[in-house]
Structure formats: C-alpha cells, structure tokens
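Peer 1: Give the three-dimensional model of this entry:
(4 chains)
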Number of protein chains: 2
Amino acid sequence: MDRSGGRARHSGDLIAILSGRNRARNLHSDVLWDLGFAIVSGQYPEGSILPPDTELLERFRVSRTVLREALKTLAAKGLIEARARIGTRVLPRNRWNLFDSDVLAWHFELGPEVSFLQSLAEVRIGIEIEAAALAAERRSDDQAVGLLATIELMAKAKTPEDFARHDLDFHKTVADASGNPFMASISALVEMALTAAFTISSPVNEPEALTQTVAVHRAIADAILARDAIAAREAMRVAIAEGFARAAGRMEAANS
Amino acid sequence: MDRSGGRARHSGDLIAILSGRNRARNLHSDVLWDLGFAIVSGQYPEGSILPPDTELLERFRVSRTVLREALKTLAAKGLIEARARIGTRVLPRNRWNLFDSDVLAWHFELGPEVSFLQSLAEVRIGIEIEAAALAAERRSDDQAVGLLATIELMAKAKTPEDFARHDLDFHKTVADASGNPFMASISALVEMALTAAFTISSPVNEPEALTQTVAVHRAIADAILARDAIAAREAMRVAIAEGFARAAGRMEAANS
DNA sequence: GCGCTTATATTGTCATACTTATTCGACTGT
DNA sequence: ACAGTCGAATAAGTATGACAATATAAGCGC
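Peer 2: Okay, the predicted model is just below:
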C-alpha cells in the first residue's frame, strides 16, 4: 500500500504548493484520497458497490473509526451512499459535487484531459463573466487599487508559481468585489484550472504570451475601474478563453 | 432535545418533498443538521471555536462515533476545520461549499432573504446561460423532444409541487444537453432556488404568471431546437430574472 | 529575562461489542 | 403451485473506554 508518498500522481506537487492547504496531516485523509481517487478514476464505476467495511479495513490497516470517517467524507461530497445490507454504492456522476476542491483535485491527478479543461473553462466563463460585471458595478475603491497592484505583480513575476499565485489573487479579488458569496466560493475551481493550465505551459516562459496575458487582465481591471460592466464581461471572457486555448494548443502539440 | 420533528424550521417540508432525498434516517444526520444550521445561522460565527467534543457529546447525548462523523461531514463541506489542542474552528464563509445542497438548505431554513435569493439568481444566470448556449450547439434530438414534452407538463400542472418538479426537470435537461458535467452538478442550486421562489409565490396560483413563465421556457426550448445559441442565452436570462423578480416583488409586498 | 521542558487540554486513533435495518430464502397455510 | 409471513444472515450504525499525537501554555532552570 502506498502511504504518504503515493499522493503525487500527476501534477499533485504544484497543486499542493499553490493550494496552500497542505494535505496529509492525519491518517483518515490518506484513506480518503486513496478511495476518492479510485472512484474518480473509474476504478469503482458509477453504480458499483465498493468492498464491505471488513475488507477495506484489512486493506488499509486502519481502525474502523478512520475508515468510516473517510467514507462519511466521501458521502458528504456526494460520491457514495451507504445502505444497510446492500453496501456502499458509488453514486452517479451527476450527484458528485464537482465544485469541491478535493473532487476536482482527484480529477486532475489522473492527468488533465482536454475535454475536462474545456468543461472547466466553460463554467468559468459563465461564472466569472458575471462576477466581473457585478464587480464593475459594486467594487470599492480599495478593491480597484488592489486589482491594479496585483497586475503589477503579475507583470513582474519571475517564476510560474509566482505568476499563478498573482493570477489567482486577481480572480479572487474580482470575485470578492462582486459582492456575491457564491462567486467567491468557486475559487477552488479557478485555482485548479489555473494550476492545470500553468502546469502545461506557463506564460512566464514565453515573453509574448506573458505580455498578452497581462494586457488582457489589465483590460478587465480597467473596465471594472471605469464601472463598465459590458467591457468587463467581454475582457473576462477573452482572458479565460485565451488561457484555455494556450493550454489546449500546447497539449495538442505534445500529442502529435 | 428536538429529535426527528425539529427539522421543519421554515420551508423545510416543501424542500424535503421536492428534493426527494429524504433526510433523517440515522442519528448522525440529526446532529449534522443541528450543527450545520447553527453554523450557517451565525450562532457559531466564522472564526469561532465550537464547544469541545465532550460538551457536544453531553448536549446531543450521542456516542463519540456519531458526533465525530457529523463533524467530519461538516469539515468535508468546508464549514469547519479541527485541530488538536486548538479545537474545531468555523472556517470563513468563502471556504464554505455553497454549492452543496445541505449547506444551501441550511441557508434557506432561516428564511430566504432577498439578498440571498438575488445572489442565487446571479450565479444561476451566469451558469445556466452558458448551459443553454452549449445545449443549443450540442443537444441530441431526444433531448429536444424531452424539452418540449416537459413544457407541456408545466403548462398543465395543477399544483405548485407539480409545476416546480417539471420546471426543475426542464433545467436539468438543459444542463444535461450542454454536455458539461459541471452544469449538471449545480442542479442542487437550481432546485433550492426554484423551491424558495415557489414557496413564496407559485405561478400556478396566478394565471397570467403561469402563461408568462411557460412562454419564456418555450422560448428557451425553441432556441435550443433551432440551435440558436444567442437566443438561448437571452431567453434563459429572462426566465431566471423574471422568476427572481416575481419572488422578490412578492416579498417586498409582504413586508410593507 | 530567555530558552527549554513539562503539564494539560483537545482532537486523532484504536479495538471490540452490541444494535438496527434490509434482503433473501425457507416455511407455512391456502 | 402460489402468496404471504417469518426468520436468519449480512452489512452498516452506534456505543464505550482506552491510548496516542499534537499544540498551547505554564513552569523551571539557567
């Protein structure tokens, strides 16, 4: 059984670094991640029954308490449902809470597929466009200053990690400025998307791409500064679409 | 201690009926709902430490196992974080998974506020507009037929429950047709929004409103049928905005 | 007054026993 | 043969008590 070291399957390291909230403090999260990843990766397909308590206990060599807490956590994220005498069933995908950061992370651990990145970009466009528009209407002056400052940091970033961190900061500030709690709640999504994209190719390594990315973000900030909701929408759409296009293009190239 | 009957605080009954997945089968979900509601309602503010295990054990008169599973579930939804010697801290709101159906339900149990309904409408607009546009591009013929059939059922609905059910069905089908798993994953959100809106005022009780609502949904379906993404976007926006406006208007009237 | 150690409180983990719910199949009566 | 009832078997749910790990804070020696 791969304890402790078995977590960095794909781009897990960068994800862990960026997300800050470091994993693996306690035993039960080990079990949780193993099972969660196994389910998301299709090792236990939707609708299937996973092994009974006794067998899993044997496999992970942990106490019943730990195992059951891991299962309860999975249940809370909508991945499984336990029923007496039947066992623990893997729920259909549309019941999974895809906006959960753990569930998202498990998806990325099996290697980002283009189709998944595209789905991610599509929801981001939907949500963040509205966030940008609302931010244009509701931003405070402090938030406006913050946006400009973050852009400066992006432009001066030297490492992919720094760039990603400030990029994420920018989007978080926009979500915050929208005054809508739901918008702020999806930063996990943005985080994963950015991390995935930068794992594939960071603008920092391509001068023209960097200039371009910074320019697009400045356009968003300018629109929000000017309280121009329409322009903010459009600029945000461009920013997300371009980010996805660059990553997708790079993946295509790598596969040929 | 209010076991079993203590759940229907506000519009809980309708919510329970609509959501289908009935609550309250086991002990631990009782504790879960009590604590979850207490946190969301601000009884334990963000950043505060909730009582230690021993005290909660006393209060709920359950075993440690049950209590800890409830806490783990709350942690999985991003509401709390436990650390040894420190205690169990309520996380800041932006860490909460607002897209979780339980967390949403707890918000509604304390009475839907206009501002919360508005935030809900804003995200729905963001996401469902994109879903409608994508559905227009990707729908299968079967899905198109399904949309039309659902509209017929909406038009003929006699009770608020029936109407809400078919309305929800419609939005679910659109999300499905978008081919984006994230879109399908937010049906919990739509469910709550619709339930809340209909709890306040159902179109079934107002003939003109019913005609209007059905017409707007037919416009969405027509646009998707015609593979017209632009029109689908706009029609969806109107549908959500109108639904929110009706509920908000009714609440204003009730408060004056 | 400073740094190290130790006490203490709180969550984390373990092991085991018992309870409850649900299914399946055997049994019984018609 | 058939339908309904009852009971055994199985898996999750609950309970309990003990011990381990961890992080704060108090105390101690220097």
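
Peer 1: All the helices of chain A, residue numbers only.
Peer 2: Along chain A, the segments classed as helices by DSSP state H run A:12-19, A:27-40, A:53-60, A:64-76, A:101-109, A:114-138, A:141-156, A:160-177, A:181-185, A:187-200, A:207-225, A:229-255.

Peer 1: Make JSON lines out of those and add mean pLDDT, mean neighbour count and distance to DNA strand C.
Peer 2: (C-beta placed from N, C-alpha, C; glycine too.) Formatted as JSON lines, these follow (pLDDT from 0 to 100; neighbours: other CB atoms under 10 Å in any protein chain shown; distance: least, CB to the nearest atom of the strand, whole Å):
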{"stretch": "helix A:12-19", "mean pLDDT": "47", "mean neighbour count": "16", "distance to DNA strand C": "18"}
{"stretch": "helix A:27-40", "mean pLDDT": "94", "mean neighbour count": "21", "distance to DNA strand C": "3"}
{"stretch": "helix A:53-60", "mean pLDDT": "92", "mean neighbour count": "14", "distance to DNA strand C": "8"}
{"stretch": "helix A:64-76", "mean pLDDT": "95", "mean neighbour count": "21", "distance to DNA strand C": "4"}
{"stretch": "helix A:101-109", "mean pLDDT": "91", "mean neighbour count": "22", "distance to DNA strand C": "16"}
{"stretch": "helix A:114-138", "mean pLDDT": "96", "mean neighbour count": "22", "distance to DNA strand C": "31"}
{"stretch": "helix A:141-156", "mean pLDDT": "96", "mean neighbour count": "16", "distance to DNA strand C": "34"}
{"stretch": "helix A:160-177", "mean pLDDT": "93", "mean neighbour count": "22", "distance to DNA strand C": "27"}
{"stretch": "helix A:181-185", "mean pLDDT": "93", "mean neighbour count": "23", "distance to DNA strand C": "23"}
{"stretch": "helix A:187-200", "mean pLDDT": "84", "mean neighbour count": "22", "distance to DNA strand C": "21"}
{"stretch": "helix A:207-225", "mean pLDDT": "95", "mean neighbour count": "18", "distance to DNA strand C": "39"}
{"stretch": "helix A:229-255", "mean pLDDT": "92", "mean neighbour count": "17", "distance to DNA strand C": "36"}
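
Peer 1: Could you dump the ones you listed into JSON lines and include distance to A:Ile86?
Peer 2: Formatted as JSON lines, the helices of chain A follow (distance: least, CB to CB, whole Å):
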{"stretch": "helix A:12-19", "distance to A:Ile86": "33"}
{"stretch": "helix A:27-40", "distance to A:Ile86": "17"}
{"stretch": "helix A:53-60", "distance to A:Ile86": "13"}
{"stretch": "helix A:64-76", "distance to A:Ile86": "14"}
{"stretch": "helix A:101-109", "distance to A:Ile86": "23"}
{"stretch": "helix A:114-138", "distance to A:Ile86": "31"}
{"stretch": "helix A:141-156", "distance to A:Ile86": "51"}
{"stretch": "helix A:160-177", "distance to A:Ile86": "41"}
{"stretch": "helix A:181-185", "distance to A:Ile86": "33"}
{"stretch": "helix A:187-200", "distance to A:Ile86": "32"}
{"stretch": "helix A:207-225", "distance to A:Ile86": "50"}
{"stretch": "helix A:229-255", "distance to A:Ile86": "41"}
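
Peer 1: Looking at those, spot the one closest to DNA strand D.
Peer 2: helix A:53-60 (3.5 Å; CB to the nearest atom of the strand).

Peer 1: does chain B sit close to that closest one?
Peer 2: No - if you take CB under 8 Å from any CB of the partner chain as the test, helix A:53-60 misses chain B, and the best it gets is 13.2 Å.

Peer 1: wait, what's in contact with the closest residue to A:Arg139 other than its chain neighbours?
Peer 2: Leaving aside its chain neighbours, A:Arg139 sits nearest to A:Ala177 (4.3 Å; criterion: CB to CB, 6 or more residues apart in numbering or on different chains). With contact taken as CB atoms under 8 Å, 6 or more residues apart in numbering or on different chains, A:Ala177 is in contact with A:134-135, A:138-140, A:143, A:147, A:224.

Peer 1: Can you tell me which residues in the stretch 151-256 of chain A are near chain B?
Peer 2: Near chain B, when you scan the stretch 151-256 of chain A using CB under 8 Å from any CB, you find A:176, A:178, A:180-187.

Peer 1: so how far is chain B from the residue nearest to A:Arg139?
Peer 2: 13 Å (CB to the nearest CB, to the nearest Å).

Peer 1: ok, now A:Arg124?
Peer 2: 9 Å.

Peer 1: got a list of what the residue nearest the centre of chain A touches?
Peer 2: Computing the C-alpha centroid of chain A and ranking residues by CA atoms, centre = their mean puts A:Met192 first, at 2.3 Å. By CB under 8 Å, 6+ apart, the residues touching A:Met192 are A:15, A:101, A:104-105, A:108, A:120.

Peer 1: and what of A:Ser202?
Peer 2: A:160, A:163-164.

Peer 1: A:Val123 contacts B:Pro181, correct?
Peer 2: No - counting by CB atoms under 8 Å, A:Val123 stays clear of B:Pro181, with 9.5 Å between them.

Peer 1: What's the local residue count around A:Ala84?
Peer 2: Counted with other CB atoms under 10 Å in any protein chain shown, residues neighbouring A:Ala84 total 7.

Peer 1: One more: A:Pro203?
Peer 2: 24.

Peer 1: Show the pLDDT at it.
Peer 2: pLDDT recorded at A:Pro203 is 84.

Peer 1: Next one: it from DNA strand C, what distance?
Peer 2: 39 Å (CB to the nearest atom of the strand, to the nearest Å).

Peer 1: so that residue touches A:Leu210, yeah?
Peer 2: Yes - counting by CB under 8 Å, A:Pro203 sits close enough to A:Leu210 to count as a contact (4.4 Å).

Peer 1: Show me whatever sits in contact with both of the two.
Peer 2: Counting by CB under 8 Å, 6+ apart, the residues touching both A:Pro203 and A:Leu210 are A:Phe163.

Peer 1: hang on, A:Asn97 packs against A:Trp106?
Peer 2: No - counting by CB under 8 Å, A:Asn97 sits too far from A:Trp106 to count as a contact (11.7 Å).

Peer 1: quick revisit: so how far is A:Asp142 from the residue nearest to A:Arg139?
Peer 2: Computed as CB to CB, to the nearest Å, the A:Ala177 to A:Asp142 distance reads 9 Å.

Peer 1: A:Leu98 now?
Peer 2: 33 Å.

Peer 1: Tell me who's in contact with the closest residue to A:Thr150 other than its chain neighbours.
Peer 2: Sequence neighbours aside, A:Phe170 is the residue nearest to A:Thr150 in space, at 4.7 Å (criterion: CB to CB, 6+ apart). The neighbourhood of A:Phe170, defined by CB under 8 Å, 6+ apart, consists of A:147, A:150-151, A:154, A:217, A:220-221.
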